[in-house]
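>>> my questions concern the predicted model and sequence given below.
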Protein chains: 2
Amino acid sequence: MRATTIHAPGDIRVEEVPDPTLELPTDAIVRVVAGCICGSDLWPYRGHNVITPGSTIGHECVGVVEEVGAEVRDFKPGDFVIVPFCHCDNTCAHCRAGAQSVCEHLGFTSSGQAELARVTQADGSLMKTEGMPDKAVIPSLLTLSDVMATGWHAAVAARVAPGSTALVVGDGAVGLCGVLAARQLGAERIIAMSRHESRQQVARKFGATDVVAERGKEGAELVRELTGGVGADAVLECVGTDDAMRTAISVARPGAMVGFVGVPHGVELPVRKMFEKNVGVAGGMAPVRRYLPELLDLTLSGQIEPGLVFDLTLPLDEAPEGYRAMDERRAIKVLLEP
Amino acid sequence: MRATTIHAPGDIRVEEVPDPTLELPTDAIVRVVAGCICGSDLWPYRGHNVITPGSTIGHECVGVVEEVGAEVRDFKPGDFVIVPFCHCDNTCAHCRAGAQSVCEHLGFTSSGQAELARVTQADGSLMKTEGMPDKAVIPSLLTLSDVMATGWHAAVAARVAPGSTALVVGDGAVGLCGVLAARQLGAERIIAMSRHESRQQVARKFGATDVVAERGKEGAELVRELTGGVGADAVLECVGTDDAMRTAISVARPGAMVGFVGVPHGVELPVRKMFEKNVGVAGGMAPVRRYLPELLDLTLSGQIEPGLVFDLTLPLDEAPEGYRAMDERRAIKVLLEP
């Protein structure tokens, strides 16, 4: 099949690789209808993560079931499915407690930017739609495989409550989805920290009531002013850097939670400050399957349209350009069509 | 007045110092009926904190109001009061949100191991009993000024829920009070990590269903076994060291919270592990006044008897021996009577 591969920092290719196959009777193979590039794919692209040269990349996709293993009961070839980036059995103790991203049978999509993807624990992981969805809704469905579920997880971990003031640090696609999640969870005021005009626009569409373009200490000072000196009731940290985390903790009101979902890179949690301010930190990899039923319903009923985070659609073969566009911040998030 | 003072690591004295006075119209002066030594007093005693030679020490006490400032409305000389170690106005935005330990007018008791203590923000901070309480209940009331409220805060921050399995790391008085709090908040199973026979006994009286005497990795392994490999639903970290925090996080089940209340000394939060396991950390200095109404009610009605943490009572003049006894772990917690 054609698949996006990474060979070195900055070296993304689309090339022929062996088709994925059913390795376990609980596997399924999905023909990708739409995949996309994640902010976290930029970590290896920028040389911050170790790279196995030639390995496939991409963990977000939706598609049509091509083939299922002997033990897969709930899906059959032809089903249109959302593929959570983290696969789970949805039956183990961790899954039952809502921590599907720490499932005892955890797996990951490894060729989401390709023609075919292998899904482990298909029955536990996948969700299907009734029939083929409208083409218009596919970008939004695609976000449910990771980015929207991740923004949602940030809002849940930050304990956004009705009537509260939420702050979102990070205006990548996850942060924007965090804004949408905060609105959906009832936040009355949503402050988005965003420097980029195109992202600010999406943030406002998603429910941001205030936008702070300044960063670091200056940005934090403005947020404090906006919140009457008190700080935000709930903070979504959607970047994963030390700067973002420090900003998040510094503008959280005493007693608040910071929900963090950006894979931490160089983050040192200021435990003494957390102690003094009584500000907690929770989050991690999103338990996508936990949120899928609700998010699918919200999406299909048109209550949310998270697909607006995609501002560039390219054919799969132009994946390298997609990476460049995201790396250079010319695009918020890039959808790839095989 | 006679007061306990610290001059250098290990150098505790009881000597004459000037009486505290009303410095602000919102102050009160309390004649101490009972004070006590806190685990956190051992930090400077052991040379881990900076010491101002000759300064008074002790932040936990109950007593009788001696004198009030012109603006104090709710208390008068003769009232028996519980003095939270952290004083608050109980009206500012942080207090109203339940973060009284980050009050805009935060103050601290600085001579709890003495004859008199100054309380700032008396109306916001203090709680009184109707008349003089029985002598038998005074130790329990004394714990409400800090240690019991702190254990309670750990349980609240760890989100102990009815039917859950709670784990308490640390068998100091705070940890023991954490056991009591977890029981009160409905935990069905409470695992106390405790090496000391006398503390194990109190833990069991307070509701511990299991005791793990091993520490570190070995202890964590046993906890995992006890929880069927899953980990604890809620973890109370009641020590404040890096070892204790690492144990706490390692035995928390995915998705769980670690409530931490020990002043962090050398703690480095393993943010990557927290991310991978979806284990959050929250806590800090206990907002004592927030919990006081409920804890006072539970104590006066006999539903809890946190005073059992005191296993040594000494006259104030023997405070140096009290410190030695706690430092050498001959006593769990020492009550001092002026």
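Cool, got the structure.
>>> got the contact list for the residue nearest the centre of chain A?
Geometric centre of chain A, nearest residue: A:Val147, 2.1 Å, by Cα atoms, centre = their mean. Residues near A:Val147 by Cβ atoms under 8 Å, 6 or more residues apart in numbering or on different chains: A:36, A:38, A:60, A:173-174, A:177, A:306, A:309, A:333. Any C-beta I mention is one placed from the backbone N, CA and C, and that applies to glycine too.
>>> do A:Ala232 as well
Applying Cβ under 8 Å, 6+ apart, the residues contacting A:Ala232 are A:165-167, A:191, A:223, A:251-253, A:256.
>>> would CSV of the residues you listed with secondary structure be doable?
Shown next, in CSV, are those (DSSP: H, G, I helix; E, B strand; the rest coil):
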residue, secondary structure
A:Thr165, strand
A:Ala166, strand
A:Leu167, strand
A:Ile191, strand
A:Val223, helix
A:Val251, helix
A:Ala252, strand
A:Arg253, strand
A:Ala256, strand
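>>> restrict those to those near chain B?
Among those, the residues that sit close to chain B (Cβ under 8 Å from any Cβ of the partner chain) are A:Arg253.
>>> okay, the contacts of A:Ala232 in JSON lines with neighbour count next?
Converted to JSON lines, these look like this (neighbours: other Cβ atoms under 10 Å in any protein chain shown):
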{"residue": "A:Thr165", "neighbour count": "25"}
{"residue": "A:Ala166", "neighbour count": "33"}
{"residue": "A:Leu167", "neighbour count": "33"}
{"residue": "A:Ile191", "neighbour count": "27"}
{"residue": "A:Val223", "neighbour count": "24"}
{"residue": "A:Val251", "neighbour count": "27"}
{"residue": "A:Ala252", "neighbour count": "26"}
{"residue": "A:Arg253", "neighbour count": "25"}
{"residue": "A:Ala256", "neighbour count": "28"}
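>>> for the contacts of A:Ala232, which one is nearest chain B?
Taking Cβ to the nearest Cβ as the measure, chain B lies nearest A:Arg253 of the contacts of A:Ala232, at 6.6 Å.
>>> need the contact list for the closest residue in space to A:Pro84 that isn't next to it in sequence.
In space, A:Pro84 comes closest to A:Val288 once its chain neighbours are excluded; the distance is 3.6 Å by Cβ to Cβ, 6 or more residues apart in numbering or on different chains. Going by Cβ under 8 Å, 6+ apart, A:Val288 touches A:84-86, A:100-101, A:144-146, A:149-150.
>>> check A:Ala213 too.
Applying Cβ under 8 Å, 6+ apart, one finds that A:Ala213 lies in contact with A:193-195, A:200, A:219.
>>> could you rerun that using 10 Å?
A:Ala213 is in contact with A:171, A:192-197, A:200, A:219, A:222, counting by Cβ atoms under 10 Å, 6 or more residues apart in numbering or on different chains.
>>> ok so, going back, what pLDDT does the model give the residue nearest to the centre of chain A?
Note on A:Val147: pLDDT of 98.
>>> repeat that for the one 3 residues further on.
As predicted, A:Thr150 sits at a pLDDT of 98.
>>> repeat for A:Arg289
With respect to pLDDT, A:Arg289 scores 98.
>>> ok, and the closest non-adjacent residue to it?
Leaving out its chain neighbours, the residue that sits closest to A:Arg289 by Cβ to Cβ, 6+ apart is A:Gln100, at 4.4 Å.
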